[in-house]
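Turn this into a model:
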Amino acid sequence: MAITRDALPELTAVGARDDLRDRSLGRQLRRYGPIVIGVLMALTMVVVAAAAPLLAPLSPSAQYADAVLKGPGAQDRHVLGTDEFGRDVFSRIIWGARISLQVGLASVIFAFALGVPLGIVAGMQGGRVETAVMRCADMLMAFPTLLLALIIVTALGGSLVNEILAIGVALTPNFVRLARSLALTIREQDYILAARALGGGQLRIMARHVFPNALYALVVVATLYIATAIRTEAGLSFLGLGIPPPTPSWGNILSEGRQYIKCCPWITTFSGLAIMLAVLAFNLVGDALRDLLDPRLRGE
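Below you'll find the model as predicted:
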């Protein structure tokens, strides 16, 4: 079929629209592809942790004398091999996800609930209240997160509750500083001045105006700190100060397998991969929440 000269502009416009649509689709995939992957990874880990009794093929504490330090796939029932006691590595990693995610989520919630109100009060009140709160936060921030959590767990003893408390206290100063900086910015906005002119009390203004407008940034940072909490829990367990054996966590699986890393690397490899994937997933989820909750990005 011959193409007339009059049809050329129309065909050119159609081709330009198709090219623009393809480039737009490519930009969307580059922007949201990692986010979708991260959300799916995080949801998968949460589901695995919640359904560990159903998904784990064997008991994480059961020892099989005929399958000590067997490699992945050596026997049908041990997909990822066994450790030095003949325990199934796959089952232990699944159960370890429950401990690691539980500590990660609970410690961040604790730090959020403690640090955000203190930071908002410090930013809105100013004066001696701000000085006292921020000097306490500065003293805690003088210690690295892992070191401060290590000191607290050493003093309290290794247990699930003590790990959550230690990591939560270590992360609290970060939320205090962020919430204070957001409050200092928000309190100068016109709607805050209008609320004060209408007779709104300080507590009402903080609860109804300051906290909701600071929430998106706080939630994004909280999501990112879940990854930090998971790493810290793994570090404590690796040092023998986390959940006491035989309860599995990714950190103590890594610690138990380090002496066999040359001859039986699968023990440390798979537990290390679990930690890496969890940290990557929650970092990507933090990016997703930033794109969804930040009004500047939504307006692009």
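
which residues touch R92?
60, 83, 248, 253 (CB atoms under 8 Å, 6 or more residues apart in numbering). To be clear about C-beta, it is placed using only N, CA and C from the backbone, and glycine gets the same treatment.

try L171
Contacts of L171 (CB under 8 Å, 6+ apart): 107-108, 111, 115, 145, 225, 228-229.

switch the cut-off to 6 Å
Neighbouring residues of L171 by CB atoms under 6 Å, 6 or more residues apart in numbering: 111, 225.

measure it to L140 for me?
Separation of L171 from L140 (CB to CB, to the nearest Å): 10 Å.

Spatially central residue for the protein, please.
For the chain, the residue nearest the mean C-alpha position is I226 (2.6 Å; CA atoms, centre = their mean).

Next one, pLDDT for that one please.
As summarised for this prediction, I226 has a pLDDT of 91.

Check E10 too.
51.

F110 now?
Listed pLDDT for F110 reads 94.

buried sites along the helix or strand where it lies?
Using DSSP states H and E, F110 sits in helix 89-125. Residues of helix 89-125 classed as buried by neighbour count (16 or more other CB atoms under 10 Å): 89-108, 110-112, 114-124.

Just say helix, strand or coil for the residue nearest to the centre of the chain.
Secondary structure for I226, judged by DSSP: H, G, I helix; E, B strand; the rest coil, is helix.

Verify the stated contact: it with V108.
Yes: using CB atoms under 6 Å, I226 is in contact with V108, at 5.2 Å.

any low-confidence regions in the stretch 201-300 of the chain?
293-300 (pLDDT under 70).

go again using 90 as the cut-off
Filtered on pLDDT under 90, the stretch 201-300 of the chain yields the residue ranges 201-221, 223-224, 227, 235-271, 280-300.

all helices for it, in order.
Secondary structure of the stretch 201-300 of the chain by DSSP state H, counting those that start in this stretch: the helices cover 202-205, 211-238, 250-257, 266-293, 295-298.

Quick check: buried residues in the first one?
With burial defined by 16+ other CB under 10 Å, the residues of helix 202-205 counted as buried are I205.

For burial, what's the neighbour tally of G240?
Residues within reach of G240, counting by other CB atoms under 10 Å, total 12.

So what's the residue count around the residue lying closest to it once chain neighbours are set aside?
Distances taken as CB to CB, 6 or more residues apart in numbering put S255 closest to G240, at 6.7 Å, once the chain neighbours are dropped. S255 is flanked by 21 other residues according to other CB under 10 Å.

any idea how far S255 is from F90?
Taking CB to CB, one finds S255 at 18 Å from F90.

just D190 next, same as before
Relative to F90, and taking CB to CB, D190 is found at 58 Å.

From A194, how far off is I205?
I205 sits at a distance of 10 Å from A194 (criterion: CB to CB).

now for the helix or strand just after the helix holding F110, which elements pack on it?
Later in the chain than helix 89-125, the nearest helix or strand by DSSP H and E is helix 127-141. The helices and strands touching helix 127-141, judged by 3 or more CB pairs under 6 Å, 6 or more residues apart in numbering; DSSP states H and E, are helix 89-125, helix 160-186.

Now distance to I152 too, for the ones you listed, in TSV please.
TSV is the format used below for those (distance: least, CB to CB, whole Å):
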stretch	distance to I152
helix 89-125	11
helix 160-186	4
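
closest to G199 out of these?
Ranking the helices and strands packed on helix 127-141 by proximity to G199 (CB to CB) places helix 89-125 first, at 16.5 Å.

Just the angle for that closest one relative to helix 250-257, thanks.
140 degrees (axes from the mean of the first three to the mean of the last three CA atoms, to 10 degrees).

how far does helix 89-125 sit from the chain's center?
9 Å (CA atoms, centre = their mean, to the nearest Å).

what angle sits between it and helix 127-141?
Interaxial angle, helix 89-125 versus helix 127-141 (the same axes, to 10 degrees): 150 degrees.

follow-up on the earlier one: surely the residue nearest to G240 is in contact with F238?
Yes: counting by CB under 6 Å, F238 is a contact partner of S255 at 4.5 Å.

for E233, what are its contacts?
100, 103.

just the one 10 residues further on next, same as before
Taking CB under 6 Å, 6+ apart as the contact definition, I243 lies against 99, 249.

Need the phi and psi values for it.
phi -60, psi 130 (degrees, to the nearest 10).

For D66, see how far away V79 is.
Using CB to CB, one gets 17 Å for the distance from V79 to D66.

So for those two, which residue has more residues nearby?
V79 (15 against 8).

Surely that one touches D88?
No: taking contacts as CB under 6 Å, V79 lies outside contact range of D88: 8.1 Å.

who touches both of these two?
With CB under 6 Å, 6+ apart, V79 and D88 have no common neighbours.
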